[in-house]
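Enquirer: okay, predicted coordinates and the sequence, questions at the end:
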Amino acid sequence: MKTDIWPTIHAERRALAADLQRLNEDQWSTPSLCSGWTVREVLAHMSAAADMTLPSFFAKLLGSGFRFEGVQEKGISAELGGSAADTLDRFASLADSKRRPPGPTDVMLGETVIHAQDIRAPLGIQHDYPTDAVVQAADFFKGSNLLIGTKRRIAGITLRATDADWSHGTGPEVSGPILALVMAMTGRTTAVDELSGEGVAKLRG
């Protein structure tokens with residue numbers, strides 16, 4: 001059964017905003033698990049996605065010379081504000097938004113879980129994500145090469161969760177917590193350290 005997507009997204013955004021209230025100024029500059037972005041920049045990216053509409057996406061895509069990376073860069077710049085407090089306030093104000101870029105709604109669920117962990121993991125913040133939501137994200141990304149190439153990355157291996165009833169693929173096995181599997185599937189190399197099995201080297205490669 002699929003997760004009721006928007007209440008889950010809203011609850012996870014609010015939980016993340018609450019966790020980040022206690023950060024000091026230096027912590028906001030911590031490199032995230034999303035390569036090239038600090039935790040503050042990832043949060044700004046999440047705000048940009050939460051305030052995106054179909055018309056605004058295509059307007060920004062056109063204005064960025066049809067470079068998706070340009071859309072992301074402009075979105076982050078617009079949402080950072082003048083301080084970390086501004087960035088957090090902006091994100092918190094969008095916690096209950098249902099706006100989104102074009103694409104399947106499961107992308108927003110995945111973005112919320114994955115980017116929240118991109119932020120929390122390097123800061124050492126623990127959070128219990130809803131297992132059903134993480135499984136739903138895994139089910140979406142396993143068949144998608146959209147932007148991050150997950151389907152290609154996990155080809156030829158079996159993924160098996162040790163804390164949820166979920167598995168996928170054929171070939172040498174990689175096992176571990178469902179959250180670590182999703183993070184590794186989507187290119188977060190540090191998450192591979194939490195996994196085990198004969199297929200780990202292939203996934204890492």
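Expert: Perfect, thanks for sending it.
Enquirer: send over the host helix or strand of Ser77 as CSV, restricted to the C-alpha atoms.
Expert: Using DSSP states H and E, Ser77 falls within helix 68-80. Listed next in CSV are the C-alpha coordinates belonging to helix 68-80 (Å, rounded to 0.1, in the frame of the first residue of the first chain):
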residue,chain,number,x,y,z
PHE,A,68,18.5,21.8,-15.4
GLU,A,69,21.6,22.5,-13.3
GLY,A,70,21.0,26.2,-13.9
VAL,A,71,17.5,25.9,-12.6
GLN,A,72,18.8,24.3,-9.4
GLU,A,73,21.5,26.9,-9.0
LYS,A,74,19.1,29.8,-9.4
GLY,A,75,16.6,28.2,-7.0
ILE,A,76,19.2,27.8,-4.3
SER,A,77,20.4,31.3,-4.7
ALA,A,78,16.8,32.7,-4.5
GLU,A,79,16.0,30.7,-1.4
LEU,A,80,19.2,31.1,0.7
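Enquirer: just checking, what packs against the helix or strand just after that helix?
Expert: Following helix 68-80 in sequence order, the next helix or strand is helix 84-93 (DSSP H and E). Contacts defined by 3 or more C-beta pairs under 8 Å, 6 or more residues apart in numbering; DSSP states H and E place helix 84-93 against helix 5-20, helix 39-50, helix 68-80. (Each C-beta comes from the backbone N, C-alpha and C, glycine too.)
Enquirer: mean confidence for helix 84-93?
Expert: The average pLDDT within helix 84-93 is 98.
Enquirer: go on, stretch 16-24?
Expert: On average, stretch 16-24 scores 97.
Enquirer: go on, stretch 96-103?
Expert: Rounded mean pLDDT across stretch 96-103 is 90.
Enquirer: and it, which residues are buried?
Expert: Ser97, Arg100, Pro101 (16 or more other C-beta atoms under 10 Å).
Enquirer: the last one reaches Ala49, doesn't it?
Expert: Yes. Taking contact to mean C-beta atoms under 8 Å, the distance of 6.1 Å between Pro101 and Ala49 places them in contact.
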